[in-house]
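Trainee: Below are the sequence and a predicted model; questions follow.
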Amino acid sequence: MKTDESMKTKWRARLRLWGKKRGGRMTGWWFIGSLGEALFFAAVFLIGVFLSAILISWQLMSQSTQPLKIGYGFWLFLGVCLSFVVMGIVGFWYRVLKVVTSDEHREVLDLKSILPQPLKETQQTKRVLTPPTIPDVKRLTDSPGARLAYRLPSQIPENGALVALGVFAMAWNAMIAVFLVIAAENVLRSQVPWQLILLLVPGIYVAIRSARLFFRSFIRTLGIGSTTVEIQDLPLLPGREYGLEIVQYGRLVIKKITVRLECQEESTYHFGTDLRIERQTVFSEEIASHGRDRIDWGYPLRMECRFAVPQDAMHSFQSKHNAVHWKIVVSGEANRWPSYSRSFPVVVYPQPNPSRAIAAP
Amino acid sequence: MIRLIGLQPTYMPGDSLEFEYRVANVDRGSIVAVECSVCWITEGKGTEDLGVHFFQRLAGDSLAAIDWSIAQKISCPLPVSPLSYEGQLLKISWCVRARFFLNDGTELMAQQPFYLGTVTREI
């Protein structure tokens, strides 16, 4: 009797109507959720097949009952039906695999290439391969430097914002210009369009503000000038020393410029329906700094320094939702300009021959 | 039960990981499939990631040929990365996992953690 009661409680807990979900974790029974999703996608697949069959059979078999003329309408309807079929197949098998296979088995099916393959001593396999889960260094080494081996690509978030702002300002101003012409035409015909004029007042205000903001950002970018960083070698190895050259262009008076080596952890997670990214700097070391100086067109500021990645540092790491990034960060403070910070990613490999560790408790 | 054949639970990249596993108190005939894997997992604030370095699935004839009275021994070379890591947002752990699938739908899982490289903590 007691066993029956416990079974009932267990099933009641598993089959409850409402549950809470936080990212991949949930209070309900995951099996029921996956089964429901699989059934939903199976239904989508069947609907797609059914509609496609009806459409094709009506169109091809019976000339008298053509529901749609062959043209955009027919192809659009067929495309929608086939998209239902594709969505249904992919969704259904993804959910089924989720239920019938273990996490490890599914991962192997997804990423068969990460399994170790037997190595043959051929010329092809002798070349250096990127270790697993470490970002490819090729994207950083495709630009040779003028003085050192490589020029690092920069990650400047302000540039993206500047382009977005420029596109918005252009589009908004063009739209307002068109409405202004329409309003002016009507006024010249002695028909004052009061509703349009009332709408144009806030529109013109936004147009002026967005154009002003864009030009201010543009002048700031031009004035501060670009920053280039060249490095002696890549990928970096813990414990080894590397040369670095930083060049700051522009026309400004620098109050202080600092160069830092930083390590940042990055985690991506779901919070409700949002996708959030959290970053945490876990290592930051100043490797060079320069005091007050004047920079002019044709006379950039050049800084040379040497730095080493700490011996016990974690290597660069990249998986689907987590990462460890290393980067060179150049920060500056200038007269009459806002302070700025520019990042240049680097890749750190694990030590090739680490000393044997002491047993961890 | 999984047992690492080594004096310590710490291995260096490129080392050979040797381990054995066995199952006790289970009717041998009820085992439908066995999966054995060497994998790393991330823990912490982000969504959990899993990477499988070694995977072996035994089912059907290959499973029937196994004598469960002796421990099953497996050896595999370890990769260069990712090394075990304990950071602020993220932790990378390595483990050996064995899953037994029984004919009544039950799944038994055993896991034995180990370290790859010296455990790197955030500095």
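Mentor: Arrived safely. Numbering: from 1, shown residues only, chains lettered A, B, ... in the order given.

Trainee: The longest strand along chain A near chain B anywhere?
Mentor: Longest strand in chain A by number of residues, with DSSP state E as the criterion: strand A:252-271. Yes. Under the criterion of CB under 8 Å from any CB of the partner chain, chain B is reached by strand A:252-271 at A:C263, A:E265, A:E266, A:S267, A:T268, A:Y269, A:H270. All C-beta atoms are positioned from the backbone trio N, CA, C, and that covers glycine.

Trainee: Now for these, which sits with the most neighbours around it?
Mentor: Among those, A:E265 has the most neighbours (other CB atoms under 10 Å in any protein chain shown), with 25 neighbours.

Trainee: Return the residues in contact with that residue.
Mentor: When the contact criterion is CB atoms under 8 Å, 6 or more residues apart in numbering or on different chains, the partners of A:E265 are A:R279, A:Q280, A:V282, A:N322, A:A323, A:V324, A:H325, B:G87, B:Q88, B:L89, B:L90, B:E122.

Trainee: Surely the fifth one and A:E266 touch.
Mentor: Right, A:A323. Yes. Counting by CB atoms under 8 Å, A:A323 touches A:E266, with 4.3 Å between them.

Trainee: Tell me the secondary structure at the closest residue to A:G225 other than its chain neighbours.
Mentor: Counting by CB to CB, 6 or more residues apart in numbering or on different chains, A:G225 lies nearest to A:G250, which is 2.3 Å off, once chain neighbours are set aside. The three-state label given to A:G250 by DSSP: H, G, I helix; E, B strand; the rest coil is coil.

Trainee: got it, and A:P153?
Mentor: Classified using three-state DSSP, A:P153 is coil.

Trainee: Report how many residues lie close to it.
Mentor: When neighbours are defined as other CB under 10 Å, A:P153 has 12 of them.

Trainee: which stretch of helix or strand covers the residue positioned nearest the centre of chain A?
Mentor: The residue lying closest to the centre of chain A (CA atoms, centre = their mean) is A:I277, at 10.0 Å. A:I277 belongs to strand A:274-290 when elements are defined using DSSP states H and E.

Trainee: Only C-alpha atoms, please: export that strand in PDB.
Mentor: As requested, C-alpha coordinates have been extracted for strand A:274-290 and formatted as PDB (Å, rounded to 0.1, in the frame of the first residue of the first chain):
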ATOM      1  CA  ASP A 274      16.600  36.300 -22.400                       C
ATOM      2  CA  LEU A 275      20.100  35.300 -23.400                       C
ATOM      3  CA  ARG A 276      22.600  37.000 -21.100                       C
ATOM      4  CA  ILE A 277      26.400  37.300 -21.300                       C
ATOM      5  CA  GLU A 278      28.400  37.900 -18.200                       C
ATOM      6  CA  ARG A 279      32.100  38.800 -18.300                       C
ATOM      7  CA  GLN A 280      34.600  38.900 -15.400                       C
ATOM      8  CA  THR A 281      38.200  40.100 -15.600                       C
ATOM      9  CA  VAL A 282      40.200  37.600 -13.600                       C
ATOM     10  CA  PHE A 283      43.700  38.900 -14.500                       C
ATOM     11  CA  SER A 284      44.900  42.300 -15.300                       C
ATOM     12  CA  GLU A 285      48.500  43.500 -15.400                       C
ATOM     13  CA  GLU A 286      49.900  46.800 -16.600                       C
ATOM     14  CA  ILE A 287      52.700  46.100 -19.000                       C
ATOM     15  CA  ALA A 288      53.500  49.700 -20.200                       C
ATOM     16  CA  SER A 289      52.400  53.300 -19.600                       C
ATOM     17  CA  HIS A 290      53.300  56.700 -21.000                       C
END
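
Trainee: what angle do that strand and strand A:252-271 make?
Mentor: 150 degrees (axes from the mean of the first three to the mean of the last three CA atoms, to 10 degrees).

Trainee: Could you look up the next helix or strand downstream of strand A:274-290?
Mentor: Beyond strand A:274-290 in the direction of the C-terminus, DSSP H and E gives the next helix or strand as strand A:293-295.

Trainee: Show me how the record splits chain A into domains.
Mentor: Chain A resolves into domains spanning A:28-110, A:138-151+A:227-346, A:158-223 when parsed by automatic domain parsing.

Trainee: Highest mean neighbour count out of these?
Mentor: Taking mean count of other CB atoms under 10 Å in any protein chain shown as the contact definition, the stretch among the domains of chain A with the greatest mean neighbour count is domain A:138-151+A:227-346, which reaches a mean of 17.

Trainee: starting at the chain centroid, how far to it?
Mentor: Its chain's C-alpha centre lies 19 Å from the corresponding centre of domain A:138-151+A:227-346 when counted by CA atoms, centre = their mean, to the nearest Å.

Trainee: and what of stretch B:18-26?
Mentor: Computed by CA atoms, centre = their mean, the separation of stretch B:18-26 from the middle of its chain amounts to 12 Å.

Trainee: Next one: whichever helix or strand B:S93 is part of, is it in contact with chain A?
Mentor: Assigned by DSSP H and E, B:S93 belongs to strand B:90-102. Yes. Strand B:90-102 reaches chain A (CB under 8 Å from any CB) through B:L90, B:I92, B:R97, B:R99.

Trainee: Against which helices or strands is the helix or strand containing A:E185 packed?
Mentor: Assigning secondary structure by DSSP H and E places A:E185 in helix A:157-188. Judged by 3 or more CB pairs under 8 Å, 6 or more residues apart in numbering or on different chains; DSSP states H and E, the packing partners of helix A:157-188 are helix A:194-224.

Trainee: Next, the angle strand A:252-271 makes with the helix it packs on.
Mentor: Going by the same axes, to 10 degrees, helix A:194-224 makes 120 degrees with strand A:252-271.

Trainee: State which one residue of chain B is found closest to chain A.
Mentor: Of the residues in chain B, the one nearest chain A is B:G46, at a distance of 2.9 Å by CB to the nearest CB.

Trainee: what about that residue, neighbour count?
Mentor: Counted with other CB under 10 Å, residues neighbouring B:G46 total 24.

Trainee: Can you give me the pLDDT of it?
Mentor: With respect to pLDDT, B:G46 scores 89.
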